[in-house]
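Visitor: here you go, sequence then predicted model.
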Amino acid sequence: MNKDILKSPFVTEMSEITQLMYQRNWDERNGGNITLLLNENEVAEYLDLENIVRTIPIDFDAKELAGSYFLVTGSGKYFKNVQKDPARNIGLIRVSDDGKGVEVLWGYEDGSLPTSELPSHFQSHIARLSVDPENRVIMHCHATHLLAMTFTHSLDERELTRKLWQLCTECLVVFPEGISTIPWIVPGTNEIGEATSNKMKETRLVVWPYHGIYGAGKDMDETFGLIETVEKAAEVYTYVQAQGGMKAKISDEDLKKLADRFGVKPRAGYLD
């Protein structure tokens, strides 16, 4: 007999993290989405893998992920509601063998669908897995201060990365590979998914200008922590600008010392 999936660590953690992100105002209304890659053994503890509730076609060839299991937030669903009713607001899916659809094994009980950003998530998972086989999470949200910063700061990747590194000591340590940006592109399209996934081969953080951010990681903590760290630096930037602009910063010499102390390698060419 299968265990209660509502008590599974992955549903519990998804419920907790979506609530936290909503409370931080990163995911207003139905903004934001998360996909968590699971292995078959952990899913089998809670579900009959032969019991397919329904199959949903997708507008993306996910053949590279065929047979993979994902816990995914629902399309049009509010993060604030996941914790009180997971079965209606998230779902567990398996990519079909031909990669042209996903099989719902649990969730989306009101007939809803996985996030409309599923193609972007799948493309980013494929990209991250190609450089880090342990990657399990893709997370998208509308982090407030970083979103504001895309209107007031250069979107040049080197300039933006350097500014964030200079604002908070922990930034270089947490994301030494830097942060990527893409042009503004209509969300929910394969085009934005392709642009994001191309950047995901280089960094775990990709900024969508005037929209939000994509983060990737090995687990929920790492991915949330990445976005949290960037957002904190962007918040500091907001305060600094309001106080008259930067009159000091962490120097490149000190950033190099920081990298040596914590054993990280800053992205080549990003320090003078």
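Guide: Structure received. Numbering: from 1, shown residues only.

Visitor: going forward, measure contacts between C-alpha atoms and count neighbours the same way
Guide: Noted.

Visitor: just the strands in the stretch 51-200 of the chain please.
Guide: In the stretch 51-200 of the chain, the strands defined using DSSP state E, counting those that start in this stretch lie at 54-57, 69-73, 90-95, 101-107, 137-141, 180-181.

Visitor: switch the ones you listed over to JSON lines; also include mean pLDDT.
Guide: Below are the strands of the stretch 51-200 of the chain laid out as JSON lines (pLDDT from 0 to 100):
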{"stretch": "strand 54-57", "mean pLDDT": "96"}
{"stretch": "strand 69-73", "mean pLDDT": "98"}
{"stretch": "strand 90-95", "mean pLDDT": "98"}
{"stretch": "strand 101-107", "mean pLDDT": "98"}
{"stretch": "strand 137-141", "mean pLDDT": "98"}
{"stretch": "strand 180-181", "mean pLDDT": "98"}
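
Visitor: hang on, Ile213 in a helix?
Guide: No: per DSSP: H, G, I helix; E, B strand; the rest coil, Ile213 lies outside any helix segment and is strand.

Visitor: give the helix, strand or coil label for the residue nearest to it when sequence neighbours are not counted.
Guide: Among residues not flanking Ile213 along the chain, Val207 sits closest, at 4.4 Å (C-alpha to C-alpha, 6 or more residues apart in numbering). Under three-state DSSP, the three-state class of Val207 is strand.

Visitor: quick check: bridge partners of Val207?
Guide: For Val207, the beta-bridge partners are Thr181, Ile213 (DSSP bridges).

Visitor: you'd agree it is up against Ile185?
Guide: No: if you go by C-alpha atoms under 8 Å, Val207 and Ile185 don't touch, sitting 11.5 Å apart.

Visitor: let's have the strands of the stretch 51-200 of the chain in JSON lines, adding mean neighbour count and distance to Leu258.
Guide: Shown next, in JSON lines, are the strands of the stretch 51-200 of the chain (neighbours: other C-alpha atoms under 10 Å; distance: least, C-alpha to C-alpha, whole Å):
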{"stretch": "strand 54-57", "mean neighbour count": "14", "distance to Leu258": "48"}
{"stretch": "strand 69-73", "mean neighbour count": "26", "distance to Leu258": "37"}
{"stretch": "strand 90-95", "mean neighbour count": "26", "distance to Leu258": "41"}
{"stretch": "strand 101-107", "mean neighbour count": "22", "distance to Leu258": "45"}
{"stretch": "strand 137-141", "mean neighbour count": "25", "distance to Leu258": "28"}
{"stretch": "strand 180-181", "mean neighbour count": "24", "distance to Leu258": "22"}
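
Visitor: redo those strands as JSON lines? Include distance to Met1.
Guide: Below are the strands of the stretch 51-200 of the chain laid out as JSON lines (distance: least, C-alpha to C-alpha, whole Å):
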{"stretch": "strand 54-57", "distance to Met1": "22"}
{"stretch": "strand 69-73", "distance to Met1": "20"}
{"stretch": "strand 90-95", "distance to Met1": "19"}
{"stretch": "strand 101-107", "distance to Met1": "16"}
{"stretch": "strand 137-141", "distance to Met1": "29"}
{"stretch": "strand 180-181", "distance to Met1": "46"}
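
Visitor: indicate which one of those is closest to Pro114.
Guide: Nearest to Pro114 among the strands of the stretch 51-200 of the chain is strand 69-73; the distance by C-alpha to C-alpha comes to 6.1 Å.

Visitor: partners of the closest one, with directions?
Guide: Applying DSSP bridges, strand 69-73 is found paired with strand 33-38 (antiparallel), strand 90-95 (antiparallel).

Visitor: any chance of the ones you listed in a markdown table, plus distance to Tyr22?
Guide: A markdown table is the format used below for the strands paired with strand 69-73 (distance: least, C-alpha to C-alpha, whole Å):
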| stretch | distance to Tyr22 |
| --- | --- |
| strand 33-38 | 11 |
| strand 90-95 | 15 |
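
Visitor: which of those sits closest to Ser180?
Guide: Nearest of those (C-alpha to C-alpha): strand 33-38, 19.1 Å.

Visitor: okay, angle between that closest one and strand 137-141 too, please.
Guide: 170 degrees (axes from the mean of the first three to the mean of the last three C-alpha atoms, to 10 degrees).
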